[in-house]
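Enquirer: I would like to see how this sequence folds:
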Amino acid sequence: MNKWIKFIPLILLIGYFITYDVFNQVSQPTPTEQTTNNQ
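Expert: Numbers count the residues shown, from 1 in each chain. I've put the predicted structure just below:
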C-alpha cells in the first residue's frame, strides 16, 4: 500500500493533463479542419 501512496499524486497529475487536453479539443473546433483550411 505504501508504494501506491507515492503513485496517487502522479496519477492525479496525469489524469488532470488528459482531461485538460480533452477539454481544449472540445472547446475548439477540430484542429485538423483549421490546418487544412489555412493551407
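
Enquirer: pLDDT of the helix or strand encompassing Gly15, averaged?
Expert: Secondary-structure assignment from DSSP states H and E places Gly15 in helix 2-27. Average pLDDT, helix 2-27: 91.

Enquirer: pull the distance from it to the chain's centre.
Expert: Offset of helix 2-27 from its chain centre (Cα atoms, centre = their mean, to the nearest Å): 8 Å.

Enquirer: what comes up buried for that helix?
Expert: Buried positions in helix 2-27, judged by neighbour count with 16 or more other Cβ atoms under 10 Å: none. Placement of C-beta: from N, CA and C, glycine included.

Enquirer: give me the helices and strands touching it, please.
Expert: Judged by 3 or more Cβ pairs under 8 Å, 6 or more residues apart in numbering; DSSP states H and E, helix 2-27 is in contact with no other helix or strand.

Enquirer: use 13 as the first number from now on
Expert: Okay, residue one is now 13; in that scheme the one you just asked about reads as helix 14-39.

Enquirer: Met13 and Phe35: what is the separation?
Expert: Using Cβ to Cβ, to the nearest Å, Met13 is found at 32 Å from Phe35.

Enquirer: what do you get for Asn14?
Expert: The gap separating Asn14 from Phe35 is 33 Å, by Cβ to Cβ.

Enquirer: run a quick neighbour tally on Met13.
Expert: As a burial measure, Met13 scores 4 neighbours (other Cβ atoms under 10 Å).

Enquirer: residue contacts, it?
Expert: Residues in contact with Met13 (Cβ atoms under 8 Å, 6 or more residues apart in numbering): none are found.

Enquirer: okay, it and Gly27: tell me how far apart.
Expert: On the measure of Cβ to Cβ, Met13 and Gly27 end up 20 Å apart.
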